[in-house]
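In: Give me coordinates for this.
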Amino acid sequence: MDPVERIRSHFAASAEVKLAAAGPMAPLIARAAEMMTGCLLADGRILACGNGGSAADAQHFAAELVGRFERERPGLPAIALTTDTSLLTAIANDYSFEQVFSKQVRALGRRGDVLLAISTSGNSGNVIDAIVAAHEHEMHVVALTGKGGGRIGELLGEGDVNLCVPHARTARIQEVHLLTIHCLCDAIDHTLLGDES
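Out: Residues are numbered from 1 along each chain as shown. I've put the predicted structure just below:
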């Protein structure tokens, strides 16, 4: 396959996965956005974590809330647990890499807060530990997963939401995760600010 056709096939595959995911995921994304908005209106905060590309997604989400998405509004309290290298390396060195997010959740999380836990496989050990810590603090969890949800899917409770992309390829899952993050931000803004005039 020539390079141009290969690139076109990526676009086509991404669009196909997104359209297939829209049906099962849209109601769950709406539920997750409602949970997040309720948390913010109750003076809570949203903590976000993930590894690699999912760490970048956690930071992207926090930036859209603290800064802005598409409309001007006051900043909303969101923290990416992936950004403080001194903290991350201290916890990894003094305890274990499994605890780099859970230690932060235990220190920063409060009852009613929301943890956005991102793992394409659903099996990231440090994200799983963060979910356990969030449950200890009576926080809600919104998980962004794929590949059937993995161990994270099994760990979530009734008050949590698993936004599981129905696909097995990491790149396609991450592409839907980014779209999902934009949908969450848009839904939060729409609830807080109403329809655009």
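In: Okay, helices next: where are they in the chain?
Out: For the chain, the helices defined by DSSP state H cover 3-41, 53-66, 85-94, 102-108, 125-136, 150-155, 170-193.
In: so how far is stretch 174-187 off the chain centroid?
Out: What separates the centre of stretch 174-187 from the centre of its chain is 9 Å, taken as CA atoms, centre = their mean, to the nearest Å.
In: what mean pLDDT does it have?
Out: Computed over stretch 174-187, the mean pLDDT rounds to 98.
In: middle-most residue in this structure, spatially?
Out: Nearest to the geometric centre of the chain sits L116, at 4.1 Å (CA atoms, centre = their mean).
In: how far away is it from D160?
Out: Separation of L116 from D160 (CB to CB, to the nearest Å): 11 Å. Where you see a C-beta, it was placed from the backbone N, CA and C, and this is true even at glycine.
In: What's the local residue count around R111?
Out: 9 (other CB atoms under 10 Å).
In: Mind listing the residues bridging to the residue nearest to the centre of the chain?
Out: A48, V142 (DSSP bridges).
In: begin at 58 from here
Out: Done: numbering now begins at 58, and the last item shifts to L173.
In: is it true that it touches L201?
Out: Yes. With contact defined as CB atoms under 8 Å, L173 and L201 form a contacting pair (7.0 Å).
In: re the thing from before, okay, the residue nearest to the centre of the chain: pLDDT?
Out: 99.
In: Pull the contacting residues for it.
Out: L173 makes contacts with I103, L104, A105, C106, A115, F118, V199, L201, as judged by CB atoms under 8 Å, 6 or more residues apart in numbering.
In: Now flag whichever of the residues you listed is closest to R163.
Out: Nearest to R163 among these: L104, at 10.8 Å, using CB to CB.
In: Counting neighbours, what do you get for the closest one?
Out: Number of residues near L104 (other CB under 10 Å) recorded here: 27.
In: wait, doesn't it sit right on I136?
Out: Yes. If you go by CB under 8 Å, L104 and I136 touch, sitting 5.3 Å apart.
In: which residues do these two both contact?
Out: L165.
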